[in-house]
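Participant: Below are the sequence and a predicted model; questions follow.
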Amino acid sequence: MPEAGVASTSRGLGRAVIFLGPPGAGKGTQTRKIAESYNVPHLSTGDMFREHVGRGTPLGQRAKPIMERGELVPDDLVLSMVEDRISRPDCGDGFILDGFPRTLPQAEKLDEILRRRFKSEPLVVHFVVDPNQLMRRLTGRRTCAIGGEIYNVYDHPPKVPGRCDRDGGELVQRPDDREEVIAERLAAYERQTRPLVDYYRGRGVLKDVDGMDAPAAVTKNVLELLAQK
Ligand code: AMP
């Protein structure tokens, strides 16, 4: 029997797609939309860690102070969590990674997993944004406590302040979306994650998307990229 995996499927996304870009680039908003449209899992390592923190698991207890400082969680902790998640059957038809990989060792390990399990290269969508806009986007971000829908008090406010348009859930601010933590998160991106742009571009698997467009236009552009062979 052929190995079940991304390369062997004939419908759906059919591969691993990585959304790469700094915090506040719109990856989370776009991942939710695109994953919904392709009906594939949306794997956000930040969401996974927040869930562990919320449940108070041993992993959550280790990750919490690191996340509160805006630094990256050590690679070994991230990698075992991701490897476990993408081995599940629902990832066999493709999946979208949001916030992973974030370091070169993470990217190399992901390559190894994708080659072994799925026999395919990932497609990397790189969100290009004006760094001056990121602080405003991040300080204005609010997330629905029920469904995770993302708003921005400046650019994409809810109809009723503090409440999600979809399900009425409370809109909350992430603890790491405070100015002093944001500065460290952006620095961590420049230091540890930006080198991945060259890593993937050099292999011809990276496509740039203008992340400064309106969210609906970005979604349309990403869908067009994904439809290309
Ligand atoms: P995010 O929701 O993607 O902004 O992630 C929130 C925080 O979770 C980050 O600032 C890191 O502390 C941690 N985190 C998420 N993904 C990773 C990753 N791939 N590698 C290391 N730390 C991560």
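Facilitator: Nice, thanks for sending it over.
Participant: what is the residue nearest to the spatial centre of the chain paired to in the beta sheet?
Facilitator: Most central in the chain under C-alpha atoms, centre = their mean is residue 98, positioned 1.4 Å from the mean C-alpha point. For residue 98, the beta-bridge partners are residue 19, residue 44 (DSSP bridges).
Participant: can you tell me how far it sits from residue 48?
Facilitator: Distance, residue 98 to residue 48, by C-beta to C-beta, to the nearest Å: 10 Å. Where you see a C-beta, it was placed from the backbone N, CA and C, and this is true even at glycine.
Participant: who are the neighbours in contact with the closest residue to the ligand within the chain?
Facilitator: In the chain, no residue comes nearer to the ligand than residue 46, which is 2.0 Å away by C-beta to the nearest ligand atom. Residue 46 makes contact with 28, 98, 99, according to C-beta atoms under 8 Å, 6 or more residues apart in numbering.
Participant: Residues of this protein that sit close to the ligand?
Facilitator: Proximity of the chain to the ligand, by C-beta under 6 Å from any ligand atom, involves residues 23, 45-46, 49, 66-67, 70-73, 78, 99-100, 102, 106, 176, 185.
Participant: Give me the buried subset of those residues.
Facilitator: Listed as buried from the residues of the chain next to the ligand are 23, 45-46, 49, 67, 70, 72-73, 78, 99-100, 102, 106, 176, 185; burial here means 16 or more other C-beta atoms under 10 Å.
Participant: what's the farthest-apart pair in these?
Facilitator: Spanning the widest gap among these are 106 and 176, at 19.2 Å by C-beta to C-beta.
Participant: buried residues in stretch 156-163?
Facilitator: residue 158.
Participant: Now do the residue nearest to residue 14 when sequence neighbours are not counted against residue 78, distance only.
Facilitator: Leaving aside its chain neighbours, residue 14 sits nearest to residue 94 (5.1 Å; criterion: C-beta to C-beta, 6 or more residues apart in numbering). Going from residue 94 to residue 78 by C-beta to C-beta gives 21 Å.
Participant: try residue 28
Facilitator: Residue 28 is 17 Å from residue 78, where distance means C-beta to C-beta.
Participant: could you pull out the strands for this protein?
Facilitator: Remark: strands assigned in the chain by DSSP state E are 16-20, 42-44, 95-98, 123-128, 141-144, 150-152, 171-172, 206-210.
Participant: Contact partners for residue 52?
Facilitator: With contact set as C-beta under 8 Å, 6+ apart, residue 52 has these partners: 59, 60, 63.
Participant: again, but for residue 187
Facilitator: So residue 187 contacts residue 70 (C-beta under 8 Å, 6+ apart).
Participant: Might you list the low-confidence residue ranges for this protein?
Facilitator: Scanning the chain for pLDDT under 70 picks out the ranges 1-11, 229.
Participant: let's see 50
Facilitator: 1-10 (pLDDT under 50).
Participant: all helices of it, in order?
Facilitator: 27-38, 45-55, 58-69, 75-86, 104-113, 131-139, 179-188, 195-201, 215-227 (DSSP state H).
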